[in-house]
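In: okay, structure incoming, though there's no sequence with it:
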């Protein structure tokens, strides 16, 4: 049994190495196609090594015995993001084809929802896979914001830096680490960031149009983060004993009451429900 576990662990650890090899192949193809300079090569190779190192460590700590098809899709997306990163770095010293950058980015964005669907259909959803997917998304947004900022101004960097600023703030304010409830609005805003930055970076619109699209993305992101921060702050002030446990009768009853309440009375009802829960 121990030998089988060791063999499985080695197979899992091979997956990030294969991904790094594919990343080098992508960089070689880009270098041949457009004559990518040293800046693009170095940045792309650093991305490949960093992805391999971080993912290998995460896999080792998670103890997963199989890498899974969904993680392979995410790793493929990470390879595309590495190509985009190399092209953006190269754009500071040369002018790589915008169509190539847009094409790689568009494929990476289109595959964003595929890994989640594959994980659910194959029953291979894991915390590591969700985190891996989120980190790839966040880094792509950061890279795109760097690219768009060269044309629209440094304020666009706020879009890419927002998530990392939130993570940094959570180290100082641990209540920000509390789990958030599922939100379609949050998912929609997150998906729109990549689309808006892609449109702004493609240069298909006049300068004012690109500026407006990027500004819209930032405004939506500020709204989404602000709403979540306020919710987390409000929840952090509720005593632990007053919170309903998910799946209990009290929780179900409270949820039903909240949904049935008119908008104008929800705050009062929420306070009443919390007092009721505190007495259980």
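Out: Done, it's in. If you're wondering where the values come from, they're calculated on a predicted model, not measured in any experiment.

In: show me where the stretch 101-250 of the chain has helices.
Out: Here the stretch 101-250 of the chain has its helices, by DSSP state H, counting those that start in this stretch, at 114-122, 127-152, 157-172, 184-202, 207-236, 249-260.

In: where does pLDDT dip in this structure?
Out: Applying pLDDT under 70 to the chain picks out residues 1-9, 240-280.

In: just say which of the helices of the stretch 101-250 of the chain is most tucked in.
Out: Compared across the helices of the stretch 101-250 of the chain, helix 127-152 shows the largest average neighbour count, a mean of 20 (mean count of other C-beta atoms under 10 Å). Where C-beta positions appear, they are placed from N, C-alpha and C, glycine not excepted.

In: so which elements touch it?
Out: Counting by 3 or more C-beta pairs under 8 Å, 6 or more residues apart in numbering; DSSP states H and E, the packing neighbours recorded for helix 127-152 are helix 38-62, helix 69-90, helix 98-110, helix 114-122, helix 157-172, helix 184-202, helix 207-236.

In: that helix: how far from the chain's middle?
Out: 7 Å (C-alpha atoms, centre = their mean, to the nearest Å).

In: just stretch 77-90 next, same as before
Out: 16 Å.

In: what sits up against it?
Out: Stretch 77-90 is touched from outside by 19, 22-23, 26-27, 30, 34, 36-37, 39-44, 47-48, 51, 96, 100-101, 104-105, 107-108, 111-112, 115, 132, 136, 139-140, 143-144, 146-147, with contacts defined as C-beta atoms under 8 Å, 6 or more residues apart in numbering.

In: are any of those buried, and which?
Out: By neighbour count, with 16 or more other C-beta atoms under 10 Å, the contacts of stretch 77-90 hold 19, 22-23, 26-27, 30, 34, 36-37, 39-41, 43-44, 47-48, 51, 96, 101, 104-105, 108, 112, 115, 132, 136, 139-140, 143-144, 146-147 as buried.

In: returning to what we had before: need the helices of the stretch 101-250 of the chain in JSON lines with distance to residue 85, can you?
Out: Output for the helices of the stretch 101-250 of the chain, formatted as JSON lines (distance: least, C-beta to C-beta, whole Å):
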{"stretch": "helix 114-122", "distance to residue 85": "19"}
{"stretch": "helix 127-152", "distance to residue 85": "5"}
{"stretch": "helix 157-172", "distance to residue 85": "12"}
{"stretch": "helix 184-202", "distance to residue 85": "13"}
{"stretch": "helix 207-236", "distance to residue 85": "19"}
{"stretch": "helix 249-260", "distance to residue 85": "43"}
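
In: among the ones you listed, which is nearest residue 55?
Out: helix 127-152 (7.0 Å; C-beta to C-beta).

In: between that closest one and helix 157-172, how big is the angle?
Out: Counting by axes from the mean of the first three to the mean of the last three C-alpha atoms, to 10 degrees, helix 127-152 points 140 degrees away from the direction of helix 157-172.

In: would you format the helices and strands packed on helix 127-152 as JSON lines with distance to residue 151 included?
Out: Converted to JSON lines, the helices and strands packed on helix 127-152 look like this (distance: least, C-beta to C-beta, whole Å):
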{"stretch": "helix 38-62", "distance to residue 151": "18"}
{"stretch": "helix 69-90", "distance to residue 151": "12"}
{"stretch": "helix 98-110", "distance to residue 151": "11"}
{"stretch": "helix 114-122", "distance to residue 151": "30"}
{"stretch": "helix 157-172", "distance to residue 151": "13"}
{"stretch": "helix 184-202", "distance to residue 151": "8"}
{"stretch": "helix 207-236", "distance to residue 151": "7"}
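
In: closest to residue 178 out of these?
Out: Closest approach to residue 178 among the helices and strands packed on helix 127-152 is made by helix 207-236 (5.5 Å; C-beta to C-beta).

In: which other helices and strands contact the closest one?
Out: Going by 3+ C-beta pairs under 8 Å, 6+ apart, helix 207-236 lies up against helix 127-152, helix 157-172, helix 184-202.

In: thanks again, I'm all set now.
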